[in-house]
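Participant: What shape does this take:
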Amino acid sequence: MCILKNKNIFIAALDWGLGHATRCVPLIQKLATHNNIIIGVTPTTLPIFEEHFPQLKKVTIEAYHIRYSTIIPLTLKLALDSARILRVIKREHQQLAAYVKQYKIDVVISDNRFGLWNKHTHNIYITHQLQIKAGIFSKIATKIHHRYMKQFHEIWVPDYEDDAQSLAGDLSRHKNKLHVKYIGPLSRLVLLNETIEKPINFLYLLSGPEPLRTQLEEQIIQLANHSTKSIVIARGTKKPLPTSMKPHIKCYDMPDAATLSTLICAAQHIICRSGYSTLMDLHLLHKKQITLIPTPHQSEQIYLAKYWATKFGIKPKLCISNFITS
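Facilitator: Numbering: from 1, shown residues only. Coordinates of the predicted model:
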């Protein structure tokens, strides 16, 4: 990652779940020591940035409001929603132009937001997907993504450059003439070295977009109610629980970074979606006993679950129905 000093930096993350926001936290922490930071936020990302940076300036940026379908593949769902998404991209580009003028922005850092570039600034784009996994639409989706990336001066990839160490596999590899810099995995969590007195048998990390997050949560609670193990659920929401739980199950709603670090380090086995930000967290906290449940119809997560099974010996499950914590 290049050294930026004495700059006015605008940074914003895609609000497709929480992962894009959480992986921006360590970047902001580093950049804020020598620069003035303005953070673009949506209702989804604001709690994360407010937790870590209550003192930094925050301004509103357009929300993408991506929702999954339980039956339609994600690629097709996005295609059907493309007209609205293009309007969001246009709107965020206009908003940024106003902020560049108002705050005299020198550098823009966009985590997977296509419209956050400006002709008067140095523009940096963060992504781990230099190649898109979208089934038969992979080539066209990658081509569209690269077209947008060409608006940026630099592409920062949160992965290792060495193929042998790569966490994202084919996703983060490229052959085109992009100005790519591999900056290594990013996580806001901290590895705890002290001995855990009361380990957790099973920790479920339940995040990601609705309605699939809630549906998985309902299945997990039903299974966990029949278990005798120590079970903790870390929820990426503050919504009321969808179903009743027995006393041996403990829940944390939107745990802060310190709490989540403690829970993950204490867990003997972790069950979670195969979102890339979650995988970076688990890698940097040295967790090996993991079961991955990719989001249905999301080719990227299905690929990552299979890649981690081959590369790191992690168990992939395409559903939760046959995974009973007993």
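Participant: now the strands for this structure?
Facilitator: Using DSSP state E, the strands of the chain run over 8-13, 36-41, 57-60, 107-111, 122-126, 154-157, 180-182, 200-206, 231-235, 249-253, 267-272, 290-292, 315-316.
Participant: Direction included, what does the first one pair against?
Facilitator: Taking DSSP bridges as the criterion, strand 8-13 forms sheet pairs with strand 36-41 (parallel), strand 107-111 (parallel).
Participant: cool, and the fifth one?
Facilitator: Strand 122-126 has these partner strands in its sheet, going by DSSP bridges: strand 107-111 (parallel), strand 154-157 (parallel).
Participant: tell me the most buried of those?
Facilitator: Per-stretch averages of neighbours, counted by mean count of other CB atoms under 10 Å, single out strand 107-111 among those, with a mean of 25. C-beta coordinates here come from the backbone N, C-alpha and C atoms, glycine included.
Participant: Alpha carbons of that one, as PDB, please.
Facilitator: Presented in PDB, the C-alpha positions along strand 107-111 are these (Å, rounded to 0.1, in the frame of the first residue of the first chain):
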ATOM      1  CA  VAL A 107      -7.700  11.100  -2.700                       C
ATOM      2  CA  VAL A 108     -10.800   9.000  -3.000                       C
ATOM      3  CA  ILE A 109     -10.800   5.300  -1.800                       C
ATOM      4  CA  SER A 110     -13.700   3.300  -3.000                       C
ATOM      5  CA  ASP A 111     -14.400  -0.200  -1.700                       C
END
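Participant: Need the contact partners of it.
Facilitator: 4, 7-14, 20-21, 23-24, 27, 35, 96, 100, 116-118, 121-127, 152, 156 (CB atoms under 8 Å, 6 or more residues apart in numbering).
Participant: Same check on stretch 230-242?
Facilitator: Here stretch 230-242 makes contact (CB under 8 Å, 6+ apart) with 17-18, 198-208, 213-214, 217-218, 220-221, 224, 248-255, 260, 263, 267, 325.
Participant: Give me the buried subset of those residues.
Facilitator: Among the contacts of stretch 230-242, those scoring as buried are 17-18, 200, 202-208, 213-214, 217, 220-221, 224, 249, 251, 254-255, 260, 263, 267, 325 (criterion: 16 or more other CB atoms under 10 Å).
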